[in-house]
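Visitor: Give me a model of this one.
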Amino acid sequence: MVKQKMPLTPADVQKNLQALAPCSNQRIEQLLGIERQAFASYKGQFDELEAALGMLHLGDHLGWKPLVLIHNKRTIRKYEEILGINVREFFPEEGPSAHRSLGYRIAKKLGNFWKAVSGEVKDEELKASRRVVE
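Guide: Sure, this is the predicted structure:
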């Protein structure tokens, strides 16, 4: 079980802000274009569109490795289809805020990332922490 943590200090928030992925005007335009096209083209449940757009905006910060740890293969494929992207080509392997993913840090310690993603590694802390941001 993941223990509850205290809120971030102002110094921690400042440190996190400084570590965010840089965002050029060209990248902002690219992300906005994908978002607008996805919204215009999408038919289905709003929660799926919302989640796909959330992943789009987290990808540069986290990288695709934490994203595939957070989401299962089927979900990643669904979001890729909604957005018209391939996460492994569109995002860096590891973004500047990847360290904030507790599950990703645990998976790296375990040694075999793909076994952790597939669930082949049976680690209760990893299982409980896949979606925790610190």
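
Visitor: Residue ranges in this structure under the pLDDT threshold?
Guide: Within the chain, the ranges that satisfy pLDDT under 70 run 1-5, 121, 123, 125, 131.

Visitor: List the contacts of the most centrally placed residue in the chain.
Guide: The centroid of the chain falls nearest to L67 when counting by CA atoms, centre = their mean (3.6 Å). Going by CB atoms under 8 Å, 6 or more residues apart in numbering, L67 touches M55, L58, G59, I76, V87, F91. C-beta: built from backbone N, CA, C; applies to glycine.

Visitor: So which residues of the protein form helices?
Guide: 10-19, 25-41, 46-62, 64-70, 73-83, 87-90, 102-110, 113-118, 124-129 (DSSP state H).

Visitor: Burial-wise, tell me which of those comes out on top.
Guide: Scoring the helices of the chain by mean neighbour count under mean count of other CB atoms under 10 Å gives helix 64-70 as the most buried, with a mean of 22.

Visitor: Just the C-alphas of that helix, formatted as PDB.
Guide: The C-alpha trace of helix 64-70 is given here as PDB (Å, rounded to 0.1, in the frame of the first residue of the first chain):
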ATOM      1  CA  TRP A  64       6.900   7.000 -23.100                       C
ATOM      2  CA  LYS A  65       8.400   4.500 -20.700                       C
ATOM      3  CA  PRO A  66       6.400   5.800 -17.700                       C
ATOM      4  CA  LEU A  67       3.300   6.100 -19.800                       C
ATOM      5  CA  VAL A  68       3.400   2.400 -20.800                       C
ATOM      6  CA  LEU A  69       3.900   1.500 -17.200                       C
ATOM      7  CA  ILE A  70       0.900   3.600 -16.100                       C
END
